[in-house]
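>>> mind folding the following:
(one chain, ligands or ions: 1)
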Amino acid sequence: MPNHKIRLAVFCSGTGSNFKSLYKAIADRPLDAEIVLCLSNRSQCGAMEFARENGIAALHLSEKQFATYAEFVEAMLAALGRYRVEAIALAGYMRKVPQAVVSAYRDRMLNIHPALLPKFGGEGMYGIHVHTAVLAAGDTESGATVHLVSEEYDKGRIVLQERVPVLAGDTPETLAGRVLECEHRIYPAALEKLLLEIRTEKVR
Ligand code: GAR
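Numbers count the residues shown, from 1 in each chain. A predicted model of the protein is given here:
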């Protein structure tokens, strides 16, 4: 059983508000983890700025930097090894995580999705597209889901889920805002559950 703070990498592509909520939860609770790496497919984004401002290694890693996909995957695995990353939280990471990384971090990688999975998940369902689809379907509720990452998009075991109502007059943006508040509540709680599982060796 690890008796040190579990070394966490956060993968982001955008604003990074979920990254910030995890960072704050780790600082406040305290959760038995430390964020040792922010990895992003974008060199400049809110998440990367926040990492740099807070002394967290900010690594820009994109397929475009490599001649082949295999080299990109190799570089990602090497970086995770270099920072001795033990668990990963995807926080608005808008790229598919390579299979080899999913395998290496099986049961140790979380994702947050802005809907009630299994509904509104899968390829193409990310960010504002999710909320547009929920409104188009006429659903009366939505929410957020934290799940383990498996080979299939948005299909791994659900760790936590919370519901929010869809209100009359909602636009994709207003619904996104309500769901995001809920994401900031459940992601730290789900991370806490995963850390406990890792510590009690329910997973590896
Ligand atoms: C969040 O709503 C997150 O659930 C979603 O992107 C947003 C990122 O916001 N992720 C996906 O759609 C992944 N399929 P953030 O950068 O402020 O955390």
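>>> name the helices or strands packed onto the helix or strand residue 102 falls within?
Per DSSP states H and E: residue 102 is located in helix 99-104. Where contact means 3 or more C-beta pairs under 8 Å, 6 or more residues apart in numbering; DSSP states H and E, helix 99-104 is packed against helix 69-82. Any C-beta I mention is one placed from the backbone N, CA and C, and that applies to glycine too.
>>> send me the helix holding residue 102 as CSV with only the CA atoms.
Output of helix 99-104 as CSV, limited to C-alpha atoms (Å, rounded to 0.1, in the frame of the first residue of the first chain):
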residue,chain,number,x,y,z
GLN,A,99,-4.6,2.7,-25.6
ALA,A,100,-1.2,2.0,-24.2
VAL,A,101,-1.7,4.7,-21.6
VAL,A,102,-5.2,3.4,-20.7
SER,A,103,-3.7,-0.1,-20.2
ALA,A,104,-0.8,1.3,-18.1
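>>> which of the residues in that helix are buried?
For helix 99-104, burial by neighbour count (16 or more other C-beta atoms under 10 Å) applies to 101-102, 104.
>>> touching the ligand at all, whichever helix or strand comes after that helix?
Downstream of helix 99-104, the first helix or strand assigned by DSSP H and E is strand 109-113. Yes: residues of strand 109-113 contacting the ligand under C-beta under 6 Å from any ligand atom: 112-113.
>>> the helix or strand following strand 109-113 to strand 109-113, inter-axis angle?
Downstream of strand 109-113, the next assigned helix or strand under DSSP H and E is helix 128-137. Angle of helix 128-137 versus strand 109-113, following axes from the mean of the first three to the mean of the last three C-alpha atoms, to 10 degrees, is 50 degrees.
>>> could you point out which element follows helix 128-137?
Next along the chain from helix 128-137, counting by DSSP H and E, comes strand 141-148.
>>> I'd like to know which elements the top helix by length along the chain is packed against.
Ranked by residue count under DSSP state H, the longest helix found in the chain is helix 172-199. For helix 172-199, the contact count by 3+ C-beta pairs under 8 Å, 6+ apart identifies strand 6-12, helix 17-28, strand 87-90, strand 109-113, helix 128-137, strand 141-148, strand 158-165 as packing neighbours.
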